[in-house]
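Chemist: Predicted model and sequence follow; I will ask about them next.
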Amino acid sequence: MTDKKPDEHEIDNHSRRSIYNMMQKLQEQVRSNIPAMITQRSLSSFTLAEEEPSSQAHEQVLVVVYPQDPFVGEPEVRRMSVNDIRSGLVNGRVKIEDSRGVVAVPDENGNYMYLPGTPEFDQVNAFYYTTFTLRMYERYAKRSIPWAFAASRIRIDPHVGNNANAFYDEQNQLLGFHTFTYEDRELSTAQSADIVSHEAAHAILDGIRDLYNESFGLGTRAFHESFSDITTVLVALHDDSLIRRLLKWTNGNLRMTTFVSEVAERLVQLVKEGDGYLSEHTLYLRNAFNQFKAKPFDELPFTPLDPLELCRQEHSYSRLFSGAFYDILVGIYERIKDEGVAEYIALYKARDLIGQLLMMAVEAGPVGEMTFDDIARTFLSMDDVLYQGQNNEIIKHVFAERGILSESDADAHIDYVHNLPVLRLPSSINSWLASAQFLENEVLPALGINAIDELTPLSTHRNADGNVFMTYFSSRNIRLQGEQYGKFAGTRVDILGGLTLMFDADDRLRNVCYRPVTDEDIRQIRILTAEMIQLGTVVDHLFVSSLDALRQQMPQGLFIMDSLPGKLHEEAYKLVKYPVIFDVIPEKTADFEDYLNKWSEKSRS
Ligand SMILES: [Zn+2]
């Protein structure tokens, strides 16, 4: 503007003024004769012809839910597309089946405006957040995500029983939410957006990587829990009021230390003043509040003694990865902010960037056994594919700091994917057999992989961006021998590994994740299964309902007869993963206060 000549400025200003004056005059003239104006309007609109409302007007349905807002326990109105909510609370992927026999019905305007305290509210809340979580990941994955079972819809029972508990039951294709009594009030875990999106995330991850839920390994089980907790953070960051409050409280500084010292104190205060709901809404958020560093497997105690220590229980160990994820989110947020983007927008951008990164890392990551460093490597290479490595330094730094992946290992991985052999996906691959031939004739020789266990095609798909993900699996069968296995001694266990190839829209190989079963996997699984047996969480039959299973101490392992014909008697017994993921909700308000206080103290010292 400074190079403009002064007379041009004057002309500009002059012409703008005259247009403004002209408009003002015209408007005044119109207003000066109101009766004429009304007559004109009625002349042009006087008709009895039927008029369609705009599509916007009837494509949205209102629902009342508890948004994932850990700081406010008030229900709010949200919108759903009519395509995602049909009569009886059902859509193409989700349906409510309340064991209490109640069915929420829409009001005369088609809306579901139930308030907390009614079973219908719990149904709507569980339905809304399950659908929301699935749609969020489909947006990040750029494809329709299947369930792990052969049915298009997952069932949700918001009143499945009376324990402070929720679960994902693959066998029964069910998300179950228990009710419990708190200070003379009956609450359902389905009222918590955190709990619902956590359970929905188990089902979503199982749909993408169903072998994780077959594994006894600590890495896979802990990643399942971490993925679910991370999901609650991503869903929460879709809540405008939450984002504004976080930024206000922290002055835009979302670093862990600020969180622990500043936000924790406010939370403790609010939890004290709260009515019990608050503890529900803060359940999983707590898992991002940590500064855990990785520890060698053998140094981890089996059962948790102090909540501030990691142990071999999957919920406990998962917090290490959730904490790292949170640090990366903050790192990306700060990078975007430093580019001059407003804090509020930067957080939205960081959320979607890392959400997509997470989803692509899962799609391109290990198929079976894994440890956190495997998924850390895939984060790095997906950042490379999606964002030209913009966040590589942040990701590298966080994973190194947390002790998950050293900087030198990260560099070696980046070097490896940058120097992959030129390998193109032949357009002729449209069958299982073609995929097996491609692997044997081209992939393995080009990559120099000498697979110890035979790799078998598992799945393939191309997303809306044109990226192709092709997976193969391998299996190793071990026998559990020794008195530590008690009556299950001699049982066999399958351990699964695999290979994932990712090709870009030009069909060029961009990432390889070869993760066979290792001797260390086997060693750890021997230890973990013995611990499960000693703990009494291995059962010898599958319960018909998840409720019966729950009464049996939430089984983790299932002892079954191998149905394969021709097996010798002593080889016929197998230990498999119990097909339900249980989440216990033991936290009381006081526990949460205590937890935050301890973290605050620890972060100050
Ligand atoms: Zn869980």
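Modeler: It's in.

Chemist: If I look at residue 178, what pLDDT would I see?
Modeler: On pLDDT, residue 178 comes in at 88.

Chemist: Near the ion, which residues of the stretch 201-350 of the chain are found?
Modeler: Contact residues, the stretch 201-350 of the chain versus the ion (CB under 5 Å from the ion): 225, 228. For every residue, glycine as well, the C-beta is placed using N, CA and C.

Chemist: Tell me which stretches of the stretch 201-350 of the chain form strands.
Modeler: Using DSSP state E, counting those that start in this stretch, no strands are assigned anywhere in the stretch 201-350 of the chain.

Chemist: quick one: low-confidence parts of it?
Modeler: Applying pLDDT under 70 to the stretch 201-350 of the chain flags the ranges 256-287, 304-305.

Chemist: can you count the residues close to residue 169?
Modeler: Look at residue 169: counted by other CB atoms under 10 Å, it has 26 neighbours.

Chemist: Show me the beta-bridge partners of it.
Modeler: Per DSSP bridges, the residues bridged to residue 169 are residue 174, residue 580.

Chemist: what does the model give the residue in the stretch 351-500 of the chain that the ion sits nearest to for pLDDT?
Modeler: Residue nearest to the ion within the stretch 351-500 of the chain: residue 362 (15.8 Å; CB to the ion). On pLDDT, residue 362 comes in at 98.

Chemist: Who are the contact partners of the closest residue to residue 464 other than its chain neighbours?
Modeler: Ranked by CB to CB, 6 or more residues apart in numbering and with sequence neighbours excluded, the top spatial neighbour of residue 464 is residue 142, at 4.1 Å. Shown in contact with residue 142 (CB atoms under 8 Å, 6 or more residues apart in numbering): 463, 464, 465, 467.

Chemist: Please repeat the previous calculation with a cut-off of 10 Å.
Modeler: Taking CB atoms under 10 Å, 6 or more residues apart in numbering as the criterion, residue 142 is in contact with 356, 359, 360, 363, 462, 463, 464, 465, 466, 467.

Chemist: Now do it, the pLDDT please.
Modeler: 97.

Chemist: For the stretch 51-200 of the chain, which segments count as strands?
Modeler: Under the criterion DSSP E, counting those that start in this stretch, the stretch 51-200 of the chain contains strands at 60-65, 76-81, 94-96, 154-161, 165-169, 174-182, 185-188.

Chemist: now those as a markdown table including distance to residue 456?
Modeler: Shown next, in a markdown table, are the strands of the stretch 51-200 of the chain (distance: least, CB to CB, whole Å):
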| stretch | distance to residue 456 |
| --- | --- |
| strand 60-65 | 43 |
| strand 76-81 | 40 |
| strand 94-96 | 32 |
| strand 154-161 | 27 |
| strand 165-169 | 26 |
| strand 174-182 | 30 |
| strand 185-188 | 43 |
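
Chemist: Compute the distance from the centre of stretch 43-51 to the centre of its chain.
Modeler: With CA atoms, centre = their mean, to the nearest Å as the basis, stretch 43-51 stands 51 Å off its chain's centre.

Chemist: actually stretch 230-245, sorry about that
Modeler: Remark: stretch 230-245 is offset 13 Å from the chain centroid, using CA atoms, centre = their mean.

Chemist: That one spans what distance, first to last residue?
Modeler: This stretch, stretch 230-245, spans 19 Å end to end (CA to CA, to the nearest Å).

Chemist: in that stretch, what's buried?
Modeler: By 16 or more other CB atoms under 10 Å, the buried positions in stretch 230-245 come out as 230-239, 242-243, 245.

Chemist: which residue does the protein bring closest to the ion?
Modeler: Closest point on the chain to the ion, by CB to the ion, is residue 583, at 4.0 Å.

Chemist: Burial check on that residue, number of neighbours?
Modeler: Residue 583: 20 neighbours (other CB under 10 Å).

Chemist: Run through the residues that contact residue 418.
Modeler: Contact analysis of residue 418 by CB under 10 Å, 6+ apart lists 381, 384, 389.

Chemist: Tell me what residue 188 is bridged to.
Modeler: Beta-bridge partners for residue 188, by DSSP bridges, are residue 179.

Chemist: burial of it, as a residue count?
Modeler: Residue 188 has 24 neighbouring residues, counting by other CB under 10 Å.

Chemist: Thought residue 125 was touching it, still the case?
Modeler: Yes: between residue 188 and residue 125 there is a contact at 8.4 Å, judged by CB atoms under 10 Å.

Chemist: what residues are shared contacts of those two?
Modeler: In terms of CB under 10 Å, 6+ apart, residue 188 and residue 125 are both contacted by the residues 116, 158, 177, 195.

Chemist: Switch these over to a markdown table; also include neighbour count and distance to the ion.
Modeler: Formatted as a markdown table, the shared contacts of residue 188 and residue 125 follow (neighbours: other CB atoms under 10 Å; distance: CB to the ion, whole Å):
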| residue | neighbour count | distance to the ion |
| --- | --- | --- |
| 116 | 18 | 24 |
| 158 | 31 | 17 |
| 177 | 26 | 13 |
| 195 | 29 | 9 |
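
Chemist: a markdown table for those residues, including distance to residue 67?
Modeler: As requested, the shared contacts of residue 188 and residue 125 are arranged in a markdown table below (distance: CB to CB, whole Å):
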| residue | distance to residue 67 |
| --- | --- |
| 116 | 13 |
| 158 | 17 |
| 177 | 17 |
| 195 | 14 |
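
Chemist: Quick check, central residue of this structure?
Modeler: Compute the mean C-alpha point of the chain, and by CA atoms, centre = their mean the closest residue is residue 231, 3.1 Å away.

Chemist: Please list the residues of the chain that sit near the ion.
Modeler: Proximity of the chain to the ion is confined to 225, 228, 583 under the rule CB under 5 Å from the ion.

Chemist: May I see the buried residues of the helix or strand where the last one lies?
Modeler: Spelled out, it's residue 583. For residue 583, the element it lies in under DSSP states H and E is strand 580-584. Residues 580, 581, 582, 583 are the ones in strand 580-584 that count as buried (16+ other CB under 10 Å).

Chemist: And for stretch 184-201?
Modeler: Buried residues in stretch 184-201, defined by neighbour count with 16+ other CB under 10 Å: 187-201.

Chemist: What of stretch 354-362?
Modeler: By 16+ other CB under 10 Å, the buried positions in stretch 354-362 come out as 354, 355, 356, 357, 358, 359, 360, 361, 362.

Chemist: same question, stretch 26-37
Modeler: For stretch 26-37, burial by neighbour count (16+ other CB under 10 Å) applies to no residue.

Chemist: do stretch 110-123 as well
Modeler: Going by neighbour count (16+ other CB under 10 Å), the buried part of stretch 110-123 is 111, 112, 114, 116, 119, 120, 121, 122, 123.

Chemist: export these to JSON lines and tack on pLDDT?
Modeler: Shown next, in JSON lines, are these (pLDDT from 0 to 100):
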{"residue": "111", "pLDDT": "94"}
{"residue": "112", "pLDDT": "95"}
{"residue": "114", "pLDDT": "94"}
{"residue": "116", "pLDDT": "84"}
{"residue": "119", "pLDDT": "93"}
{"residue": "120", "pLDDT": "95"}
{"residue": "121", "pLDDT": "93"}
{"residue": "122", "pLDDT": "93"}
{"residue": "123", "pLDDT": "96"}
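
Chemist: so who does the nearest residue to residue 206 once chain neighbours are set aside touch?
Modeler: Once flanking residues are discounted, residue 206 sits nearest to residue 148: 4.1 Å by CB to CB, 6+ apart. By CB under 10 Å, 6+ apart, the contact set of residue 148 is 154, 168, 170, 173, 202-213, 579.

Chemist: same question, residue 202
Modeler: By CB under 10 Å, 6+ apart, the residues touching residue 202 are 148, 166-170, 175, 212-213, 224-225, 227-228, 231, 580-581, 583.

Chemist: please redo it, this time with the cut-off set to 6 Å
Modeler: Residues in contact with residue 202 (CB atoms under 6 Å, 6 or more residues apart in numbering) are 168, 228, 581.

Chemist: if I pick the last one, what's in contact with it?
Modeler: By CB under 6 Å, 6+ apart, residue 581 lies in contact with 168, 202.

Chemist: Residue 32 and residue 25, how far apart?
Modeler: 10 Å (CB to CB, to the nearest Å).
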